[in-house]
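give me a 3D structure for the following:
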Amino acid sequence: YCLYYCFCRIYLPFYLQQDLMKWLRQKKDEGYTIVGLEQTSTSTSLHTHQFDSKTVLLLGKEKEGIPVEYLQLVDTCLEVPQLGIIRSLNVHVTGAISIWE
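Numbering: from 1, shown residues only. Next comes the predicted model:
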């Protein structure tokens with residue numbers, strides 16, 4: 001696990017923040033688009049979204065999703081389209097699919 005995690009950091013920056021709300025506002029001020037990966041009434045399909053070059057992907061907790069106070073900061077919400085009776089994917093799967101897009 002550690003080897004994989006350390007290797008990934010070469011290609012994707014990971015940030016651990018004490019004050020996520022402050023950090024997200026800072027990124028918005030720097031011109032980043034904040035994209036929430038969440039099923040909402042206004043979510044659009046991940047596969048049709050055109051990502052900006054400066055994008056922050058915001059993922060929530062398993063089962064709970066993104067808290068409302070953070071959803072108020074996002075510029076758009078995306079969801080992974082699914083067929084059948086599956087209502088959601090694990091957060092790590094959704095994150096991996098989104099990064100691949």
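
and the contacts of whichever strand or helix holds residue 26?
Using DSSP states H and E, residue 26 sits in helix 20-29. With CB atoms under 8 Å, 6 or more residues apart in numbering as the test, helix 20-29 has contacts from 15, 17, 34, 56, 58, 69-70, 73, 75. Bear in mind the C-beta positions are built from the backbone N, C-alpha and C, glycine included.

now that helix: average pLDDT?
Per-residue pLDDT over helix 20-29 has a mean of 93.

what's the following helix or strand after that helix?
strand 33-37.

and the helix holding residue 26, what's buried?
For helix 20-29, the neighbour count (16 or more other CB atoms under 10 Å) marks 24, 27 as buried.

and residue 19, how far from residue 72?
Shown here: residue 19 relative to residue 72, a distance of 16 Å by CB to CB, to the nearest Å.

try residue 92
Distance from residue 92 to residue 72, by CB to CB: 25 Å.

please apply the same query to residue 38.
From residue 38 to residue 72 the distance is 12 Å (CB to CB).

which of the two has more neighbours?
Neighbours per residue, other CB atoms under 10 Å: of residue 38 and residue 72, the larger number sits with residue 38, 20 against 8.

contact partners for the more buried one?
Contacts of residue 38 (CB under 8 Å, 6+ apart): 60, 65-66, 71, 77-79.

okay, it: pLDDT?
So, for residue 38, pLDDT stands at 86.

run through the protein and note the low-pLDDT ranges.
1-16, 86 (pLDDT under 70).

so which residues of it form helices?
Taking DSSP state H as the test, the helices found in the chain are 2-8, 20-29, 68-71, 91-100.

of all these, which lies closest to residue 43?
Between residue 43 and these, the shortest separation by CB to CB is 10.6 Å, and it involves helix 68-71.

how close does the nearest residue to residue 58 once chain neighbours are set aside get to residue 84?
Spatially, and ignoring its direct neighbours in sequence, residue 58 is nearest to residue 36 (4.8 Å; CB to CB, 6 or more residues apart in numbering). Residue 36 sits 24 Å away from residue 84, taking CB to CB as the criterion.
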